[in-house]
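>>> sequence first, then the predicted structure:
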Amino acid sequence: MSEDIALGRNKETSPQGPTLPILQKIISLSYQIQNLKKEHAILSHQVKNGNTDSFPGPEVLETLHLLNNAYELLKKKYLEESSERRRLYNEVIELKGNIRVFCRCRPLNQVEIANGSNYVAEFDPSLDNELHIISSDSSKKQFKFDHVFKPEDNQEAVFAQTKPIVTSVLDGYNVCIFAYGQTGTGKTFTMEGTPESRGVNYRTLEELFRISQERSGIMRYELFVSMLEVYNEKIRDLLVENSNQPPKKLEIKQAEGTQEVPGLVETRVYGTEEVWELLKSGSQARSVGSTSANELSSRSHCLLRVTVKGQSLIDGQKTRSHLWLVDLAGSERVGKIEVEGERLKESQFINKSLSALGDVISALASKTGHIPYRNSKLTHMLQSSLGGDCKTLMFVQISPSAADLGESLCSLNFAARVRGIESGPARKQADFTELFKYKQMAEKLQHDEKETKKLQENLQSLQLKIAAREHKCRGLQEKVRELENQLVEERKTRLKQETRALAASSQSSLPSPKQGEKTKVERKPPLGPSKLRLPLRRITNFIPPPSPLHTMKIKTTASMVQSSMQDKENIARTSMTGRETKSLLQPRRISMAARPTTATSAQVRQPKRRVSIATFHPEPNSNLTTPLHTSASRLKNKGAVGRQSFVKDPRKARYSRLFSPLPEFRSASETTPTVMRSSSKFMGSPPTQAGSWKPRHPTVVALQKKSLVWSPLKSRGVKYRKSLLPSRPSTEMQ
Ligand SMILES: Nc1ncnc2c1ncn2[C@@H]1O[C@H](COP(=O)(O)OP(=O)(O)OP(=O)(O)O)[C@@H](O)[C@H]1O
C-alpha cells in the first residue's frame, strides 16, 4: 500500500523522466517508514485514550509492551535505513559528478519574436543532455551537459534536477549553484524567479525545510540566510535593515577552514513564507541598471548563502555547511551592449571577476597546484564551495536568438570547460568550531610529540657521546698503564745494570791511582740496544711484604748509592724533624743520578750515574692505581712536608741525585729509611727476561728509537726530559 503511494508520489515529484531504481527504492523505503510512524502514532494515541477511559487490563499492557518493542525495532531500522539512504544518495551524486553543468535556453522574448529572430538552438526530444547550435554558415555545433532545459521547461522541471544537489547541504556537504550567461538570458529568472513561478532559491529553502521536518526524529537543523552582492569589487550586505545608513565595509576573512565576512547579517529562518519576504527585500536592494540588452539588468553578482547547522539526535555528531546560490552579473562583452560612464565601469568590474572565475575553473580543470581564488572577491568568497571537495552546479543560460549567437557560443564553451573538471569525492563538512578545537588539540599533541622526540634524540646522542668518550678514556688509561709499566720495568733493568756496573767499577777502582796521574773520566756504559732491553712489567700499587731477600738487596743497593750522597744527605738529615722523618718513611719514587766520585779530587773520577727509585705513597681513600693519580694525590697529602726537605719544588715527585758509590760513604747511608723503602719497591718485581723481550707498542718503539725517555711523572707539564744525564759537573742537582 505504502509502496504504491510512495511510487505514486515519486512520479508526482519527478515529472522530468525516469528516476534511478536505487533512488526509487530509497524513496519508497522512506515513505514506508513514514507510514509506519503514522500508524504507531495512531496506535499510541488510541492506547493513551484507553488509559484515560479505564485502567488497562493485562492484555492491553501486553499489547502496549509489544508495540513499544516494535516501535524501538522500527526506530532502529529507520536509522539504519536513513544512514544507508544518505550513503547511497551521495554515491549517486558522486557518480553523476560533483561538478555538474545544466544548460537552460530561454524562449524568444517579445522583441525577438517581433524582429523575426531565428532559433539557433536545436534540441533532440529523445536526448535531455545535448543541444546543437546552428552557426551562421549553417554548420551545427554539438554541446553535451548533464541536463539541457528547453525553452518550454518550467521552473519545477529545473528544480527537480537541482534538488538532489541542494539537499546534500543537509548531509553536511558544501554546495554552490551559480547561473552564468549573457545578460537577459534568464539567470535571475532561474535563481530568483517570479512570484508566480519561483526560482531555485525559494524552492531550495522550501525543500530544506521539508526535509529537516522529515528528519526531525533523528536530526535537528538550524537554517540561516545571508544575502550579499559583489558590486564593483565591493561587498554589500543586502539584508541590512536600515538602508539609509552608509554601508559597512565588509571584507572576507579566513576563519575555521572557511571564508567568513565579519559583520554580515545572518538571519535564522524558520519557514518558507519568511524566506520569501527575505529574498524579496534582498533582491530589491540589489544594484540594477538599464542596459540595451536588459531593462533591469543585474549590475552585480548576487550571492545567497544558506548556512545549515545540523546535529544528530542519535550520536550528537554536528555538521555546518554552506549552500551558495549565486546569480552572476551578465557576461556580455562591453562593446555589444553599448554602455558608457558608470555602466562601463560596472561592466569592466563584472568582466574582470568573471574572468577570474574562468581562471579558477581552468586551474581546477587542469589540476594545477595553485588555484587563483583570491583574484576577485567573487572567487575568494566561493573558495570553500568551488571545486575540490564541494558539489558545484552551474546553470549556463543562453538565448535562442540568432542575434546572440556569438555570446551563446562563448557561454557554452566556458560551460563545456567547467564540465571537464574532474573533482574528487565530496567531503562531509563537520562543524568547524568543534573541528577547530580538535585541530588545535591535535596540533598541540603533535608539537608535544615532536618536542619529546627531539629530547629523546638529544638524550640518545648524549648517551652515544658519553659511551664514545668512556671508550676513548678506557683506551687512553690502558695506554698510560702500559707505558707506565714499560717505563718502570725499563728503570728497574737500568738500575740493575747500573748497580752491576757500579759494583764492577768500584772493585776495579780499589787500588788507588797514582798521585799526579791524569784523572780518567770513565764514561757510563751505554744501555744495551733497545731490542736487548729487559721486558717491561706491570707495576703493583701495594707495598710488598718485607722479605730477607729484600732486606739484603736494599742494603746492597742503598749502601752503593748512598755513599756518594753523604755530603748532601748530611744536610738533609740535620734539617729533618721527627715528623718529616715519619713522612719520609712513606713510600716514594725518586730518580737519582749517581756520580761515583770520591771525596777527594785526587781520586779517579767515576762516570756520573743516575738511579731511578720508585717509591709508593699509599692513598688512603682512593682505588685509583695510575701513577698520575697517585702523584696528584700525593700533592694533596700532608706527607708532602717531608718531601720539602729533600727538594726545592715540593710538587715534583721525582728526584735526580748525584752520588758517589764509594764504600766510605756506604755505611753512613745504609740505614736511610727513604732509600730502603724506595728500594724495597723493586724487590718484589718478578724476574726479568733480558734479551728475549721485544716491545710491541708503537709509542714504546718510537721512544726506544730516540735518546729520550718519556716520564709519566712529568706528563702534567707535558714536557719530555732526557733520562740519561749528560756529563756535567758533579754538583748539579735537579
Ligand atoms: N525560461 C524563461 N521563461 C520565461 N521567461 C524567461 C525565461 N528566462 C528569462 N525570462 C525572462 O527574460 C527576462 C530577462 O531575464 P533575467 O532578468 O532573468 O535575465 P538575466 O540573465 O538575469 O539578466 P541580467 O544579467 O541582465 O540580470 C525576464 O523578463 C524574464 O522573465
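Structure's in. What do you need?

>>> show me the contacts for whatever residue of the chain ends up closest to the ligand.
Minimum separation of the chain from the ligand (Cβ to the nearest ligand atom) falls at Gly186, amounting to 2.5 Å. Every residue, glycine included, has its C-beta placed from N, CA and C. Neighbouring residues of Gly186 by Cβ atoms under 8 Å, 6 or more residues apart in numbering: Arg104, Arg106, Gln397.

>>> got the residues of the stretch 101-250 of the chain near the ligand?
With Cβ under 6 Å from any ligand atom as the criterion, the stretch 101-250 of the chain comes near the ligand at residues Arg106, Pro107, Asn109, Gly181, Thr183, Gly184, Thr185, Gly186, Lys187, Thr188, Phe189.

>>> from Ser399, how far off is the third one?
The reference is to Asn109. 9 Å (Cβ to Cβ, to the nearest Å).

>>> next one: the first one
Applying Cβ to Cβ, one obtains 6 Å for the distance of Arg106 from Ser399.

>>> neighbour count winner among the two?
Ser399 (28 against 21; other Cβ atoms under 10 Å).

>>> pull out the buried residues from the strand or helix carrying Gln213.
Per DSSP states H and E: Gln213 is located in helix 200-214. Under the neighbour-count criterion of 16 or more other Cβ atoms under 10 Å, helix 200-214 has Val200, Asn201, Tyr202, Arg203, Thr204, Leu205, Glu206, Glu207, Leu208, Phe209, Ile211, Ser212 buried.

>>> dump the contacts of Gly186 into CSV; add secondary structure as well.
As requested, these are exported to CSV (DSSP: H, G, I helix; E, B strand; the rest coil):
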residue, secondary structure
Arg104, strand
Arg106, coil
Gln397, strand
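
>>> give me the low-pLDDT residue ranges for the stretch 151-300 of the chain?
The stretch 151-300 of the chain contains residues with pLDDT under 70 at 242-246, 256, 287-297.

>>> filter the residues of the stretch 101-250 of the chain next to the ligand down to just the buried residues.
Among these, those that count as buried by neighbour count (16+ other Cβ under 10 Å) are Arg106, Gly181, Thr183, Gly184, Thr185, Gly186, Lys187, Thr188, Phe189.

>>> narrow the residues you listed to those in helices?
Judged by DSSP state H, helices contain the following of these: Lys187, Thr188, Phe189.

>>> nearest to Gly369, of the residues you listed?
Lys187 (31.9 Å; Cβ to Cβ).

>>> let me see the contact set for that closest one.
With Cβ under 8 Å, 6+ apart, Lys187 has these contacts: Ala179, Tyr180, Gly181, Ser298, Asp327, Leu328, Gly330, Phe395, Gln397.

>>> any idea how far the fourth one is from Glu229?
When you say that, I think you mean Ser298. For Ser298 relative to Glu229 (Cβ to Cβ), the value is 9 Å.

>>> and these two? which has more neighbours close in?
Per other Cβ under 10 Å, whichever of Ser298 and Glu229 has more neighbours is Ser298, with 25 against 22.

>>> surely Met394 touches Tyr180?
Yes - assessed by Cβ atoms under 8 Å, Met394 is found in contact with Tyr180 at 6.0 Å.

>>> helix/strand/coil for the closest residue in space to Pro372 that isn't next to it in sequence?
Nearest residue to Pro372, sequence neighbours excluded (Cβ to Cβ, 6 or more residues apart in numbering): Asp359, at 5.3 Å. Recorded secondary structure, Asp359: helix (three-state DSSP).

>>> repeat for Gly310
Secondary structure for Gly310, judged by three-state DSSP, is strand.

>>> okay, and the beta partners of it?
When bridges are called by DSSP bridges, Gly310 pairs up with Tyr221, Thr319.

>>> go ahead and confirm it touches Tyr173.
No - using Cβ under 8 Å, Gly310 makes no contact with Tyr173, being 11.1 Å away.

>>> now do the shared contacts for these two.
Ser321.

>>> counting neighbours, go ahead and name the busier of the two.
A count of neighbours by other Cβ under 10 Å puts Tyr173 above the other of Gly310 and Tyr173, at 25 against 22.

>>> domain-wise, how is this structure divided?
59-96, 97-430, 439-470 (the TED database).

>>> among those, which is the most enclosed?
domain 97-430 (a mean of 18; mean count of other Cβ atoms under 10 Å).

>>> next, format the domains of the chain as JSON lines and append distance to Arg500.
Listed next are the domains of the chain as JSON lines, based on distance: least, Cβ to Cβ, whole Å:
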{"stretch": "domain 59-96", "distance to Arg500": "106"}
{"stretch": "domain 97-430", "distance to Arg500": "92"}
{"stretch": "domain 439-470", "distance to Arg500": "45"}
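
>>> leaving out chain neighbours, which residue sits closest to Leu20?
Val92 (6.3 Å).

>>> which other helices and strands does the strand or helix carrying Gln32 contact?
Element membership of Gln32, judged by DSSP H and E, is helix 21-53. Under the contact definition 3 or more Cβ pairs under 8 Å, 6 or more residues apart in numbering; DSSP states H and E, helix 21-53 sits against helix 2-13, helix 58-96.

>>> worst mean pLDDT among the ones you listed?
With a mean of 44, helix 2-13 has the lowest mean pLDDT of the helices and strands packed on helix 21-53.

>>> return the residues of this protein in contact with the ligand.
Within the chain, the positions adjacent to the ligand are 106-107, 109, 181, 183-189, 294, 297-298, 329-330, 397 by Cβ under 6 Å from any ligand atom.

>>> taking the residues of the stretch 101-250 of the chain next to the ligand, tell me the two that lie furthest apart.
Pro107 and Thr183 (16.5 Å).

>>> return the residues in contact with the nearest residue to Gly181 once chain neighbours are set aside.
Leaving aside its sequence neighbours, Gly181 sits nearest to Gln397 (Cβ to Cβ, 6+ apart; 3.2 Å). Gln397 is in contact with Arg104, Cys105, Arg106, Ala179, Tyr180, Gly181, Gln182, Thr185, Gly186, Lys187, Thr190, Ser411, counting by Cβ under 8 Å, 6+ apart.

>>> what do you get if the cut-off is 10 Å, keeping everything else the same?
Going by Cβ atoms under 10 Å, 6 or more residues apart in numbering, Gln397 touches 102-106, 149, 179-191, 328, 330-331, 408, 411, 415.

>>> that one pairs with what?
Using DSSP bridges, the beta-bridge partners of Gln397 come out as Arg104, Gly181.

>>> let's see the pLDDT reported for it.
If you check Gln397, the pLDDT there is 95.

>>> please report how far it lies from Glu152.
On the measure of Cβ to Cβ, Gln397 and Glu152 end up 15 Å apart.

>>> same deal with Pro247?
41 Å.

>>> ok, now Cys302?
Going from Cys302 to Glu152 by Cβ to Cβ gives 26 Å.

>>> before we move on, what about Lys454?
Distance of Lys454 to Glu152, computed by Cβ to Cβ: 70 Å.
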